[in-house]
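Enquirer: give me coordinates for this.
(chains A, B, C and D)
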There are 2 protein chains.
Amino acid sequence: MDADSAPDNSDLTDRGGDTIADRIFDLLSEAIISGELAPATRIREPELAAQYGVSRAPLREALRRLEERQLITRTPRMSARVTVVTPRLIGEIYTIREALEGIAARQAAAHVTDADIAHLRGLLAAHQTQFAADNVDTYRMGRSDDDFHFYIIRCSRNQALIHILCDEYYNLIRLFRLQHRHVQGRAHRAFAEHQRLVDALADRDGELAEILMRRHVAAALKGILHTLSTSSASREEL
Amino acid sequence: MDADSAPDNSDLTDRGGDTIADRIFDLLSEAIISGELAPATRIREPELAAQYGVSRAPLREALRRLEERQLITRTPRMSARVTVVTPRLIGEIYTIREALEGIAARQAAAHVTDADIAHLRGLLAAHQTQFAADNVDTYRMGRSDDDFHFYIIRCSRNQALIHILCDEYYNLIRLFRLQHRHVQGRAHRAFAEHQRLVDALADRDGELAEILMRRHVAAALKGILHTLSTSSASREEL
DNA sequence: AACCCAAATATTGTCGACAACAATCTTGAC
DNA sequence: GTCAAGATTGTTGTCGACAATATTTGGGTT
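Expert: The predicted structure follows:
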């Protein structure tokens, strides 16, 4: 919208490797979860194609994948729109998350290496220093790789679990946080919970890790619902 | 392969409504989970396009969605292949299923209507007569709508759950059953378990329904692993 | 002034064609 | 006879164009 003149396809054509459709998919995913493409934004294919300097064919393939992941919503002959994540959907997802990340934590306890534990402690340390510096009460959700939850999920070595949680549903959670200016004030408690979780993993205590993770997710949802009920009352209906 | 001459696009062009890409997606899904397109089959786009009498553009969009649902596996510049569901993946999926269908059963107990219960009992009756008639020991998994599990999942009224289980993962389970000639001999026990499950739902006992469903799924996995270990030993390595 | 209907515009869905890359076959050398 | 390198075929990825449908604009009516 603001940059319709410069077709910055440098990133697209330069980086050799996979196809344009795949790269556009990645770029659009980023654009959506970063808020560059705001929720409910109408997506006009020629506009986007021109913006990224590509044809509509690979763009449409990317859109089809985004639709499959619920990042955009399409109706047959009308323009697609960036998905608006409703509180109801977020509740459903967190219910699923609680169960699935619990399983992931349990299985992670069975598969973590000492190097994994070291890496997780490193993430915790980084978060702690970030707290001290920023003095901001938000637990910034990392960019895929450096995210705490992502790492634990991947430690489960369960491909299906990794796919559902990391690829399909975390982006929707991010999208929801984006919409609702989610300042929870739960960061310090979450940090403590993370620490205990890593301790359980270090002990290879899968049962405890599952319980802690389930509580952690449930508490996060509770926090979300709280901020939602206090802020949305003045702003909007559910 | 056997029908390269007759472009049976009658189904495609006639049925008005949604787009060709959507219809091809449905047809290909059916073709894959019915075995018409056997696992590991190489998918050549021009061939399929000619077979269905359409262009490659909508076909590729459909393929992208199939890839996203793991029904086909693609590598950037090479032909796609129908996914081969490994025993490992099936184990992962059943672990997820156990948790998620358990939740679905619990939530279904909170939302089922008397009409739903009646419909479920109708399904049970139909299955019973089918047993008596066919005298075959397989619990034929229905075509989406008339399937027992599908119906319960939908009764949960949880959109995200419905999407993951019905849209994304049940097809993979079907695909696995297709590959492994899954004759479990568990049909009668499964039928009894289904009956108790409906009873629990009729009582609106969510807690019990969840437990029963979890056991039911876990038992199914156990049966699969059993047939796998006894048959694959003589046939194939895992 | 508000509302409804028709022309004009814009956008989507689909198609055929071309370039780049992978797979296969042929040919030649050892 | 076998292996390797080059030519050939086949397939994918991408593009621009066209028809069908949705959206917007403008005009007319109550």
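Enquirer: only C-alpha atoms for contact and neighbour calcs from this point on.
Expert: Fine.
Enquirer: got the residues of chain A near DNA strand D?
Expert: A:19-21, A:53-58, A:77-79 (C-alpha under 7 Å from any atom of the strand).
Enquirer: run the chain-centre distance for stretch A:45-59.
Expert: Centroid displacement of stretch A:45-59 relative to its chain, using C-alpha atoms, centre = their mean, to the nearest Å, is 25 Å.
Enquirer: list the buried ones in it?
Expert: A:45, A:48-54, A:56-59 (16 or more other C-alpha atoms under 10 Å in any protein chain shown).
Enquirer: among the residues of chain A next to DNA strand D, which ones are in strands?
Expert: Here DSSP state E is the test, and these give A:78-79 as lying in strands.
Enquirer: ok, and which of the residues of chain A next to DNA strand D reach chain B?
Expert: A:19, A:57 (C-alpha under 8 Å from any C-alpha of the partner chain).
Enquirer: of all the residues of chain A next to DNA strand D, which comes closest to A:Leu161?
Expert: A:Ala21 (25.2 Å; C-alpha to C-alpha).
Enquirer: which helix or strand in chain A has the lowest average pLDDT?
Expert: helix A:10-14 (a mean of 39; mean pLDDT, DSSP states H and E).
Enquirer: now render the residues of chain A next to DNA strand D as JSON lines, adding pLDDT and distance to A:Leu66.
Expert: Shown next, in JSON lines, are the residues of chain A next to DNA strand D (pLDDT from 0 to 100; distance: C-alpha to C-alpha, whole Å):
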{"residue": "A:Thr19", "pLDDT": "92", "distance to A:Leu66": "16"}
{"residue": "A:Ile20", "pLDDT": "94", "distance to A:Leu66": "15"}
{"residue": "A:Ala21", "pLDDT": "95", "distance to A:Leu66": "11"}
{"residue": "A:Gly53", "pLDDT": "95", "distance to A:Leu66": "19"}
{"residue": "A:Val54", "pLDDT": "95", "distance to A:Leu66": "17"}
{"residue": "A:Ser55", "pLDDT": "96", "distance to A:Leu66": "17"}
{"residue": "A:Arg56", "pLDDT": "97", "distance to A:Leu66": "15"}
{"residue": "A:Ala57", "pLDDT": "97", "distance to A:Leu66": "14"}
{"residue": "A:Pro58", "pLDDT": "97", "distance to A:Leu66": "12"}
{"residue": "A:Arg77", "pLDDT": "92", "distance to A:Leu66": "17"}
{"residue": "A:Met78", "pLDDT": "93", "distance to A:Leu66": "16"}
{"residue": "A:Ser79", "pLDDT": "94", "distance to A:Leu66": "14"}
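Enquirer: distance to B:His111 added to the residues of chain A next to DNA strand D, as TSV?
Expert: Listed next are the residues of chain A next to DNA strand D as TSV, based on distance: C-alpha to C-alpha, whole Å:
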residue	distance to B:His111
A:Thr19	45
A:Ile20	45
A:Ala21	42
A:Gly53	49
A:Val54	48
A:Ser55	47
A:Arg56	44
A:Ala57	43
A:Pro58	42
A:Arg77	34
A:Met78	33
A:Ser79	34
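Enquirer: by contact count, what packs against the helix or strand harbouring A:Leu89?
Expert: If you go by DSSP states H and E, A:Leu89 is part of helix A:87-111. Counting contacts by 3 or more C-alpha pairs under 8 Å, 6 or more residues apart in numbering or on different chains; DSSP states H and E, helix A:87-111 packs against helix A:148-155, helix A:187-202, helix A:206-235, helix B:87-111, helix B:159-162.
Enquirer: buried ones in it, by neighbour count?
Expert: Per 16+ other C-alpha under 10 Å, helix A:87-111 contains these buried residues: A:89-111.
Enquirer: let's have the buried residues of stretch A:45-59 in CSV, adding distance to DNA strand C.
Expert: Converted to CSV, those look like this (distance: C-alpha to the nearest atom of the strand, whole Å):
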residue, distance to DNA strand C
A:Glu45, 4
A:Leu48, 9
A:Ala49, 9
A:Ala50, 11
A:Gln51, 13
A:Tyr52, 14
A:Gly53, 15
A:Val54, 13
A:Arg56, 7
A:Ala57, 6
A:Pro58, 10
A:Leu59, 10
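Enquirer: residues from chain A in reach of DNA strand C?
Expert: Residues of chain A lying near DNA strand C (C-alpha under 7 Å from any atom of the strand): A:43-46, A:56-57, A:75-80.
Enquirer: doesn't A:Val85 belong to a strand?
Expert: No. Assessed with DSSP: H, G, I helix; E, B strand; the rest coil, A:Val85 is coil; it does not lie in a strand.
Enquirer: now do the contacts for the nearest residue to it once chain neighbours are set aside.
Expert: Leaving aside its sequence neighbours, A:Val85 sits nearest to A:Phe176 (C-alpha to C-alpha, 6 or more residues apart in numbering or on different chains; 5.5 Å). By C-alpha atoms under 8 Å, 6 or more residues apart in numbering or on different chains, the contact list for A:Phe176 reads A:84-86, A:90.
Enquirer: tell me the secondary structure of A:Phe176, please.
Expert: Per three-state DSSP, A:Phe176 ends up helix.
Enquirer: tell me the confidence at it?
Expert: Among the per-residue scores, A:Phe176 shows a pLDDT of 92.
Enquirer: quick check: angle from the host helix or strand of A:Arg60 to helix B:56-68?
Expert: Using DSSP H and E, A:Arg60 sits in helix A:56-68. Calculated by axes from the mean of the first three to the mean of the last three C-alpha atoms, to 10 degrees, helix A:56-68 forms an angle of 30 degrees with helix B:56-68.
Enquirer: can I get helix A:56-68 in PDB, CA atoms only?
Expert: Below are the C-alpha coordinates for helix A:56-68, written out as PDB (Å, rounded to 0.1, in the frame of the first residue of the first chain):
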ATOM      1  CA  ARG A  56       0.200 -14.400 -10.200                       C
ATOM      2  CA  ALA A  57       0.700 -18.200 -10.800                       C
ATOM      3  CA  PRO A  58       3.200 -18.800  -8.000                       C
ATOM      4  CA  LEU A  59       1.500 -16.200  -5.900                       C
ATOM      5  CA  ARG A  60      -1.700 -18.100  -6.100                       C
ATOM      6  CA  GLU A  61       0.000 -21.300  -5.100                       C
ATOM      7  CA  ALA A  62       1.400 -19.500  -2.000                       C
ATOM      8  CA  LEU A  63      -2.100 -18.100  -1.300                       C
ATOM      9  CA  ARG A  64      -3.500 -21.600  -1.400                       C
ATOM     10  CA  ARG A  65      -1.000 -22.700   1.200                       C
ATOM     11  CA  LEU A  66      -1.700 -19.700   3.400                       C
ATOM     12  CA  GLU A  67      -5.400 -20.600   3.100                       C
ATOM     13  CA  GLU A  68      -4.700 -24.100   4.200                       C
END
